[in-house]
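Chemist: Requesting a structural model of the entry that follows:
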Amino acid sequence: MNNTLQSKPHYPILDGLRGVAAILVVIFHLFEALYPVPANHPMHHGYLAVDFFFLLSGFVIGYAYDDRWNNMSIKEFFTIRLIRLHPMVVLSLIIGVICFYLDPYTNGMANTTVLKLIGVFVLSITLLPAPDIRGWAETHPLNGPHWSLLQEYVANILYALFVRKMGKLALWILVIIAGVALTLTAAWHGDVATGWSFETIWIAFIRMLFPFFAGLLLFRSNKIVQLPFAFPIASILLMILFFLPTLTYNGIYEAVCIIFAFPIIVAIGAGGKITGVWARICKFSGEISYPIYIIHYPFIYIYTMWVVKNKPTAEEILPVAIGLFCLFILIAYASLKLYDAPVRAWLKKKILTK
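Modeler: This is a model prediction of the structure:
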């Protein structure tokens, strides 16, 4: 492997915004147990955090790799991305298996053999869709959010094999076509809160295609917005978009958020400067963003079924939800420091420096 491939400095505000979006996803899922219908949910559009992740990812991939292809092979690119993402995939699946096996509120193991559970675990390590052993019709039954990681991998493959070679005009055409497909799909479905099931897996691809490559186009166009207090402004804008009520033309609204509002927020984040306390907040939230996103949902399965079956009061739910939120942050930080960072460092030393 090429040992000249060094990591570039991060955009600290974009790291912080990724953390804000991840934390909002966790809060969205904690409320979802009580409000499974998005129109009734206090954070009506919280699932748009995934689309924001895709756009951020496209921007960062362009920044990190666009100028490296003279010194980097496709194999090296895929190796780097696997080292970055896959250790936490494996850990989150181990957590998923444990939570599934020990879940006291479902009869999952009554209808699933240990051998089948092991088979689903092994298949899930590849991030490919696995048999539905939970009954939720998810493509990734041990950890639902893995559907978005699969699309992240698909986006990386498309970028490395084809899109990295595209000129700006060709990329504009791809982004416009993807934007039209996203708008039509969102208008037809009424929202973009889908793509995680076998029935709607095709929508997952549409949800990924526009934001990821729009993020790449945004980076290549060098369109940034320089504002004071960029991080709090961008964070507040993101929260406003997530918390606005469900609208009459809800699908169109969500398409507008993804196509127009999210690129503006990323441009603000990319153009902003940060120091002091805000810089420390961005660093911490950026560090835990991926771990908290990928490890929290196995616990949400148990929490959701507790709410559904025991029907606790709001006073009973509140301390449990707050406790889980704090637990997620603790596990995310511990997994980063004790597992993810050391494993990635070891893999880089063993593989990338040869």
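Chemist: Next, residue 233: secondary structure please.
Modeler: Put simply, residue 233 is helix when judged by DSSP: H, G, I helix; E, B strand; the rest coil.
Chemist: What about it, how many residues nearby?
Modeler: 17 (other Cβ atoms under 10 Å). From N, CA and C alone the C-beta is placed, and that goes for glycine too.
Chemist: Then residue 292?
Modeler: For residue 292, using other Cβ under 10 Å, the count is 24.
Chemist: wait, it sits on residue 327?
Modeler: No. Look at residue 292 against residue 327 with Cβ atoms under 8 Å: they stay out of range, at 10.3 Å.
Chemist: so what's residue 133 closest to, chain neighbours aside?
Modeler: residue 112 (4.7 Å; Cβ to Cβ, 6 or more residues apart in numbering).
Chemist: what about that neighbour, is that helix, strand or coil?
Modeler: coil.
Chemist: measure it to residue 97 for me?
Modeler: Shown here: residue 112 relative to residue 97, a distance of 11 Å by Cβ to Cβ, to the nearest Å.
Chemist: try residue 235
Modeler: For residue 235 relative to residue 97 (Cβ to Cβ), the value is 35 Å.
Chemist: just residue 72 next, same as before
Modeler: 35 Å.
Chemist: picking that back up, more neighbours: which of residue 235 and residue 97?
Modeler: Legend: neighbour count by other Cβ under 10 Å for residue 235 and residue 97, higher for residue 235 (24 against 18).
Chemist: Can you verify my assumption that the more buried one contacts residue 17?
Modeler: Yes. Using Cβ under 8 Å, residue 235 is in contact with residue 17, at 6.6 Å.
Chemist: quick one: the helices in the protein?
Modeler: Ranges of helices in the chain, per DSSP state H, are 12-32, 48-65, 74-102, 114-125, 146-161, 168-189, 201-221, 230-243, 250-256, 262-271, 276-295, 297-310, 314-335, 341-347.
Chemist: Quick check: which of these is nearest to residue 42?
Modeler: helix 12-32 (5.8 Å; Cβ to Cβ).
Chemist: what's the angle from the closest one to helix 297-310?
Modeler: Counting by axes from the mean of the first three to the mean of the last three Cα atoms, to 10 degrees, helix 12-32 points 20 degrees away from the direction of helix 297-310.
Chemist: Helix 12-32 - contacts with which helices or strands?
Modeler: helix 48-65, helix 230-243, helix 262-271, helix 276-295, helix 297-310, helix 314-335 (3 or more Cβ pairs under 8 Å, 6 or more residues apart in numbering; DSSP states H and E).
Chemist: Please identify the buried residues of the fourth one?
Modeler: Translated: helix 276-295. For helix 276-295, a neighbour-count test (16 or more other Cβ atoms under 10 Å) marks 278, 281-283, 285-295 as buried.
Chemist: Tell me which other helices or strands that helix touches.
Modeler: By 3+ Cβ pairs under 8 Å, 6+ apart, helix 276-295 packs against helix 12-32, helix 74-102, helix 230-243, helix 314-335.
Chemist: change it to 6 Å
Modeler: With contacts defined as 3 or more Cβ pairs under 6 Å, 6 or more residues apart in numbering; DSSP states H and E, helix 276-295 has these neighbours: helix 12-32, helix 74-102, helix 314-335.
Chemist: For the ones you listed, state which one has the densest average packing.
Modeler: Burial of those is given as mean neighbour count (mean count of other Cβ atoms under 10 Å); helix 12-32 ranks first at a mean of 23.
Chemist: Was I right to think residue 44 contacts residue 246?
Modeler: Yes. If you go by Cβ atoms under 6 Å, residue 44 and residue 246 touch, sitting 4.9 Å apart.
Chemist: neighbour-wise, which of these two wins?
Modeler: Counted by other Cβ under 10 Å, residue 44 and residue 246 do not tie: residue 44 has more neighbours, with 25 against 16.
Chemist: which residues touch the more buried one?
Modeler: 38, 245-246 (Cβ atoms under 6 Å, 6 or more residues apart in numbering).
Chemist: Let's see that with 7 Å instead.
Modeler: Residues near residue 44 by Cβ atoms under 7 Å, 6 or more residues apart in numbering: 38, 243-246.
Chemist: I'd like those residues as JSON lines, with distance to residue 102 and pLDDT appended.
Modeler: Below are the contacts of residue 44 laid out as JSON lines (distance: Cβ to Cβ, whole Å; pLDDT from 0 to 100):
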{"residue": "38", "distance to residue 102": "30", "pLDDT": "90"}
{"residue": "243", "distance to residue 102": "34", "pLDDT": "97"}
{"residue": "244", "distance to residue 102": "38", "pLDDT": "97"}
{"residue": "245", "distance to residue 102": "38", "pLDDT": "95"}
{"residue": "246", "distance to residue 102": "36", "pLDDT": "93"}
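Chemist: Top of those residues by number of neighbours, please.
Modeler: With neighbours defined as other Cβ under 10 Å, the most crowded of the contacts of residue 44 is residue 38; it has 18 neighbours.
Chemist: Could you report the distance from that residue to residue 263?
Modeler: Separation of residue 38 from residue 263 (Cβ to Cβ): 23 Å.
Chemist: can you check residue 68 too?
Modeler: Distance, residue 68 to residue 263, using Cβ to Cβ: 24 Å.
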